[in-house]
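Novice: coordinates only, no sequence provided:
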């Protein structure tokens, strides 16, 4: 028994490919011709689809927004989407289908919801780059398009959609403005009722508590604060006068020392003057301390009383030391020159001036002390008034606060209602943001689908590809020897000659005739089918 074995085929050269095409030319032409026929039939059987387009621009508000603000706060894109949803709603599209008699074939075999979904897919609402005006301003716009197999109906439906867009925009803006104005009017009425009720309560409280209103407490508090400020300023003035007096006394002491030196006084005078200087420093420190305490405490405070007592004691010691110093006269006076006499006179004049200024400062300080006593008495009087105020202060303050809040809210709502009313009038006058038809619904001249110039070449290409696949399959399955090259390669023998295939001429002729008849018939049938589909297409347009 012989075993089967496979022999690898030799690689094809250019002549082999030519032989393959020559042997299978019918298998290449038949699918290609069939592809042309089928693609032509499909291209001309499919209904034309015409697209009508219209361009709508958004005209901005005619009145400046800084003068009149619109009552519509919805963004433009959101408003267009809302209008599109309303226009593409089931009821709206169903009325358009009924009015224009659309989708008659589809309505016979499909439910109305599927037909409406089909129409929704045929409606396109797309934003555009906008329209540039003569002054260079870019105005936003959007395009509305509708696809249908009848170009006249496509134009009518597109115009209807555009009209509905314009009407829906005007209606929605007007309704929004009216609703806003009505809402603000209702809120204003409510705020007016609340304000009147609070005013009534406040009036009744004032009548009931006539003469004991909390406004008096506010006035007394203001007066008391003013007196406190005055008392603080007086204390500061007393401290300032004390410091100036201390400086003057220091200058006076220096002048006296110079005078004593010119008179030739001894060490005792110098010691007495040093003691006086030390007392002056203590008096200045006590005066500054008293002024500081008066800023923080009242006159009745124990610390203030003690500080005043210490200051009086130091002043008495100072006066006593000054008297003791004057009583001790120098025993002898040296002879002085005219220059020394003149210098001594100048020193005495300086001492007298300083003493006069110190006495003026003492008088000024006494005046401040008297005014401090008067202000302290007034403060105690106002404190007594504040302590005797009525207990209804919280209730009265609450009424005042509620009245102020209600009045503020009423005024704000009144301004807003007025603005909304102006905006509503602006919308009624068509001065707000509107839609304007820039390009009317176009009448399409050329269908957008199907793309016949692409369908027929694609059918031809598909037929050629199918033919090549069939030829490849036939060649793979055919294992016979095709030519002398195959015989030499697979037999490994020398070829001495070849005997041609002898067939009956009648059989050969009849086979050729059948082949030509078949090809002619198929070609005529294909051409007839293509011609019929094309004729049907153009006749249906008449």
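Specialist: Looks like it came in fine. Everything numeric in this text was worked out from a predicted model, so none of it was measured.
Novice: show me the domain layout of the protein.
Specialist: 23-45+450-541, 47-214+390-447, 243-366 (automatic domain parsing).
Novice: can you add mean pLDDT and give those domains back as TSV?
Specialist: Shown next, in TSV, are the domains of the chain (pLDDT from 0 to 100):
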stretch	mean pLDDT
domain 23-45+450-541	82
domain 47-214+390-447	84
domain 243-366	69
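Novice: JSON lines for the ones you listed, including mean neighbour count and distance to residue 379?
Specialist: (C-beta placed from N, C-alpha, C; glycine too.) Formatted as JSON lines, these follow (neighbours: other CB atoms under 10 Å; distance: least, CB to CB, whole Å):
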{"stretch": "domain 23-45+450-541", "mean neighbour count": "13", "distance to residue 379": "101"}
{"stretch": "domain 47-214+390-447", "mean neighbour count": "15", "distance to residue 379": "20"}
{"stretch": "domain 243-366", "mean neighbour count": "15", "distance to residue 379": "8"}
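Novice: could you dump these to TSV with distance to residue 221?
Specialist: Below are the domains of the chain laid out as TSV (distance: least, CB to CB, whole Å):
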stretch	distance to residue 221
domain 23-45+450-541	91
domain 47-214+390-447	10
domain 243-366	18
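Novice: and the ones you listed: which comes nearest residue 222?
Specialist: Smallest distance to residue 222 across those (CB to CB): 12.8 Å, for domain 47-214+390-447.
Novice: distance from that closest one to the middle of the chain?
Specialist: Per CA atoms, centre = their mean, to the nearest Å, the displacement of domain 47-214+390-447 from the mean C-alpha position of its chain is 21 Å.
Novice: about what we covered before: for residue 226, find the nearest of the domains of the chain.
Specialist: domain 243-366 (16.6 Å).
Novice: show the end-to-end separation of that closest one, please.
Specialist: From its first residue to its last, domain 243-366 covers 15 Å (CA to CA, to the nearest Å).
Novice: chain neighbours aside, what residue packs nearest to residue 202?
Specialist: Spatial nearest neighbour of residue 202, excluding adjacent residues (CB to CB, 6 or more residues apart in numbering): residue 399 at 4.7 Å.
Novice: any idea which element the one you found lies in?
Specialist: Assigned by DSSP states H and E, residue 399 belongs to helix 393-428.
Novice: which strands and helices sit next to that helix?
Specialist: Applying 3 or more CB pairs under 8 Å, 6 or more residues apart in numbering; DSSP states H and E, one finds that helix 393-428 contacts helix 151-208.
Novice: taking helix 393-428 as reference, get the angle to the next helix or strand after the helix it packs on.
Specialist: Sequence-wise, the next helix or strand downstream of helix 151-208 (DSSP H and E) is helix 215-263. On the basis of axes from the mean of the first three to the mean of the last three CA atoms, to 10 degrees, helix 215-263 is oriented at 110 degrees to helix 393-428.
Novice: just the angle for helix 215-263 relative to helix 151-208, thanks.
Specialist: 70 degrees.
Novice: if we can go back for a sec, quick one: closest of the domains of the chain to residue 378.
Specialist: Comparing these under CB to CB, the one sitting nearest is domain 243-366, at 13.0 Å.
Novice: and the strands in the protein?
Specialist: 50-59, 123-127, 131-132, 138-139, 141-148, 434-439 (DSSP state E).
Novice: tabulate those strands (CSV), appending distance to residue 256.
Specialist: Converted to CSV, the strands of the chain look like this (distance: least, CB to CB, whole Å):
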stretch, distance to residue 256
strand 50-59, 97
strand 123-127, 101
strand 131-132, 98
strand 138-139, 94
strand 141-148, 101
strand 434-439, 99
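Novice: who wins for proximity to residue 353 among those?
Specialist: Using CB to CB, the nearest of the strands of the chain to residue 353 is strand 138-139, at 87.3 Å.
Novice: which residues of the stretch 251-400 of the chain fall in helices?
Specialist: Secondary structure of the stretch 251-400 of the chain (DSSP state H, counting those that start in this stretch): helices located at 267-296, 302-327, 338-387, 393-428.
Novice: TSV for those helices, including distance to residue 15?
Specialist: Formatted as TSV, the helices of the stretch 251-400 of the chain follow (distance: least, CB to CB, whole Å):
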stretch	distance to residue 15
helix 267-296	126
helix 302-327	133
helix 338-387	128
helix 393-428	86
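Novice: nearest to residue 54 among the ones you listed would be which one?
Specialist: helix 393-428 (23.9 Å).
Novice: quick revisit: among the domains of the chain, which is nearest residue 381?
Specialist: Among the domains of the chain, domain 243-366 comes nearest to residue 381, with 14.0 Å by CB to CB.
Novice: closest to residue 364 out of the strands of the chain?
Specialist: Minimum separation from residue 364 across those (CB to CB) falls at strand 138-139, 79.1 Å.
Novice: ok, back up a step: between the helix holding residue 399 and strand 434-439, how big is the angle?
Specialist: Using the same axes, to 10 degrees: helix 393-428 against strand 434-439 is 20 degrees.
Novice: quick one, what contacts residue 507?
Specialist: Residue 507 makes contact with no residue, according to CB atoms under 8 Å, 6 or more residues apart in numbering.
Novice: before we move on, the earlier item: closest one to residue 238 among the strands of the chain?
Specialist: Judged by CB to CB, the one of these that comes nearest to residue 238 is strand 138-139, at 76.2 Å.
Novice: sweet, I'm off.
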